[in-house]
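Visitor: generate a structure from the sequence data that follows.
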Amino acid sequence: MASAESHLTDTVTNGFKLRTVIVDAGHGVKPENAPKGHYSRGADGSFSNERNVTLAIALKLQKAIEKDITGVKAVLTRSTEDDVSFERRAQIANENKGNLFISIHCNSLPDRVIRERVGGTARRPKYRTVRVPDRSGKGTLFLIYALKRSTEAENEIKANQVEGESDLGDALDPDDPVVVILTNEYKRRFRKQSVNIANLINDEIVQVDGRRSEGLRGQSIYVLCHAAMPSVLVETGYINNPEDEEYLNSEAGQTEIVNSIVRAITKYKNQMEGTGTN
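Guide: So this is what the prediction gives:
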């Protein structure tokens, strides 16, 4: 069984070529008569919206990937202001046989709720509850799928990777040892590679651009666990922080973010194609 498992592991790792990067512009404007699914309009800043910023960055990123990384195609999950459901985004990624999924977002903090005194006496003060904008968030954050959603990831891997790579056909037996081994190996590799690309982008943004980062976290994000490939969600900055909002809306800021991601993808590609075992 060890030799069979080794052979199946080779199926997952040998001859890897980074050919297709899925670029996901988070959120959007829900169109009239939109298909059934989950949609989200995103966060708002003082003068801009997350959905517009993410689209602008995604469009620049698509062009930069195809210009600067030889042999790699970039596929957008949306190219207009119209939102695309979470379900459809993952479907687009899988239909296009993506090797890497990069989801672009902007962060935002909710208002703080505080109590302030409005009168009364020393013995019987009166208070009211007010909401105060919290603009303290600053910098980037990177998200990969939470381990508690690993079952969903396994299902997508079986449907989009195992069937195509193992010559097992369409009628997969989930209890077949071959299916189990392949699925677990893909899941392990994809999570490891998700962490890797997240760290590579983080290093570029922090070490080259000199920006603040909150690091890497696991979170229950639908598109991350339903895209059967290494996946990372990039929170490019806090849109409700005045300084970050200016940066995210500037041509220079967007270009800097895009260049950092492209450098990281280039390093990732060289690592993966150079060793075939990462």
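
Visitor: how about the strands in the stretch 1-150 of the chain?
Guide: Remark: strands assigned in the stretch 1-150 of the chain by DSSP state E, counting those that start in this stretch are 20-25, 73-76, 100-107, 112-120, 125-132, 140-145.

Visitor: same for the second one, what does it pack against?
Guide: Read that as strand 73-76. For strand 73-76, the elements it packs on are strand 20-25, helix 50-68, judged by 3 or more Cβ pairs under 8 Å, 6 or more residues apart in numbering; DSSP states H and E. In this view, the C-beta of every residue, glycine as well, is placed from N, C-alpha and C.

Visitor: for the first one, same thing?
Guide: Counting contacts by 3+ Cβ pairs under 8 Å, 6+ apart, the secondary-structure elements packed against strand 20-25 are helix 50-68, strand 73-76, helix 86-95, strand 100-107.

Visitor: what residues does it touch?
Guide: With Cβ atoms under 8 Å, 6 or more residues apart in numbering as the test, strand 20-25 has contacts from 51, 54-55, 57-59, 61-62, 65, 72-79, 89, 92-93, 96-104, 223, 227, 229, 265.

Visitor: and it, which strands flank it?
Guide: When pairing is defined by DSSP bridges, strand 20-25 lines up against strand 73-76 (parallel), strand 100-107 (parallel).

Visitor: with the fourth one instead?
Guide: Looking at strand 112-120 with DSSP bridges, its partner strands are strand 125-132 (antiparallel).

Visitor: where's the residue nearest the centre of the chain, which helix or strand?
Guide: In the chain, the centroid-proximal residue (Cα atoms, centre = their mean) is residue 233; its distance is 2.1 Å. Using DSSP states H and E, residue 233 maps to strand 231-238.

Visitor: what packs against that strand?
Guide: Here strand 231-238 touches helix 50-68, strand 100-107, strand 140-145, helix 177-203, helix 222-226, helix 242-249, helix 251-275, going by 3+ Cβ pairs under 8 Å, 6+ apart.

Visitor: now the third one: average pLDDT?
Guide: Taken as a whole, strand 140-145 has a mean pLDDT of 94.

Visitor: elements contacting that strand?
Guide: Using 3+ Cβ pairs under 8 Å, 6+ apart, strand 140-145 sits against helix 177-203, strand 213-219, helix 222-226, strand 231-238.

Visitor: list the buried residues for it?
Guide: For strand 140-145, the neighbour count (16 or more other Cβ atoms under 10 Å) marks 140, 141, 142, 143, 144, 145 as buried.

Visitor: that one pairs with which strands?
Guide: According to DSSP bridges, strand 140-145 has the following sheet partners: strand 213-219 (parallel), strand 231-238 (antiparallel).

Visitor: just these: most buried one?
Guide: The highest mean neighbour count among these, using mean count of other Cβ atoms under 10 Å, belongs to strand 231-238: a mean of 27.

Visitor: stretch 66-76 - what's its average pLDDT?
Guide: For stretch 66-76, mean pLDDT rounds to 97.

Visitor: give me the buried positions along it.
Guide: Buried residues in stretch 66-76, counted by 16+ other Cβ under 10 Å: 69, 72, 73, 74, 75, 76.

Visitor: end-to-end on it?
Guide: End-to-end distance for stretch 66-76, by Cα to Cα, to the nearest Å: 12 Å.

Visitor: quick one: distance of it to the chain centre.
Guide: Distance of stretch 66-76 from the chain centroid (Cα atoms, centre = their mean, to the nearest Å) equals 18 Å.

Visitor: tell me which residues are up against that stretch.
Guide: In this structure, residues lying in contact with stretch 66-76 by Cβ under 8 Å, 6+ apart are 17-25, 58-59, 61-63, 65, 92-93, 96, 98, 262, 265-266, 269.

Visitor: repeat that for stretch 91-104.
Guide: Taking contacts as Cβ under 8 Å, 6+ apart, the residues outside stretch 91-104 that touch it are 16-26, 54, 57-58, 61, 75, 77, 84, 156, 159-160, 197, 221, 223-224, 226-234, 236, 261, 265, 268.
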